[in-house]
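# have a look at this prediction, sequence included:
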Amino acid sequence: MKKIFLIIIFCLTFNLVFFEKNNEANAFVNDFRDEKKITKTYYKWSSAKCAGPYVITGKKPKKVNMSRSTSFAETISANIKKFFTVGSTYTVGKDYSTYVTVNKYSKGCGATKVKYKYQKYKISTVDIITKKVISVRYGTVSKPVKNSETFITKYIYKNNKKRALKDLK
């Protein structure tokens, strides 16, 4: 009788311990969290995008009208893309009162450049129970800065008399 009583008590305590452990395990749906940290911020100019037609000049320089709008988009590096949503693009509209000058014997267009804000991120996946870092990802997010555009002349070639005269024919 004592043996049966001990076996029943053992089984009950085993089930209680097992039941408590299962409930504790079910309390956490996701044991991992992603922690974002900005490691570096800097600004850099974009490449020039044509905002008007290409013009070939002869002996005299020409003024070029900025007749097309250009768009500059936000970019996110692929390894951290799931942590961010892509923002809208910044469009520099047609500005008919803006002209740039193409030098003589050159081929060029009126172009727009925008300043970008770059932020480098470190994203760590951390186990919230043990506080151990599971994985680390690095990436960059770049956003165009509003109202930072500048208008310049973008050249295919510059001050090349032989080539310009050949292209004008």
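Perfect, thanks for sending it.

# any low-confidence regions in the chain?
By pLDDT under 70, the low-scoring segments of the chain are 1-30, 94-96.

# ends of stretch 98-116, how far apart?
Using CA to CA, to the nearest Å, the end-to-end distance of stretch 98-116 comes to 22 Å.

# show me what contacts Tyr155?
Contacts for Tyr155 were tallied using CB atoms under 8 Å, 6 or more residues apart in numbering; they are 102-103, 106-108. Where you see a C-beta, it was placed from the backbone N, CA and C, and this is true even at glycine.

# and Val114, by the same measure?
By CB under 8 Å, 6+ apart, the contact list for Val114 reads 45-46, 72, 90, 92, 144-145, 148-150.

# now, those that are in strands?
Using DSSP state E, the members of these that fall within strands are 45, 72, 90, 92, 144, 150.

# which PyMOL command selects the buried ones in these?
One line in PyMOL is enough to select the buried ones among the ones in strands among the contacts of Val114; burial here means 16 or more other CB atoms under 10 Å:
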select buried, resi 72+90+92+144
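
# if we can go back for a sec, closest to Lys60 among the contacts of Val114?
Each of these was checked against Lys60 using CB to CB; the closest is Thr150, at 24.9 Å.

# now the closest one: closest residue in space that isn't a chain neighbour?
Lys113 (5.2 Å; CB to CB, 6 or more residues apart in numbering).

# Three-state assignment for Asp167, please.
helix (DSSP: H, G, I helix; E, B strand; the rest coil).
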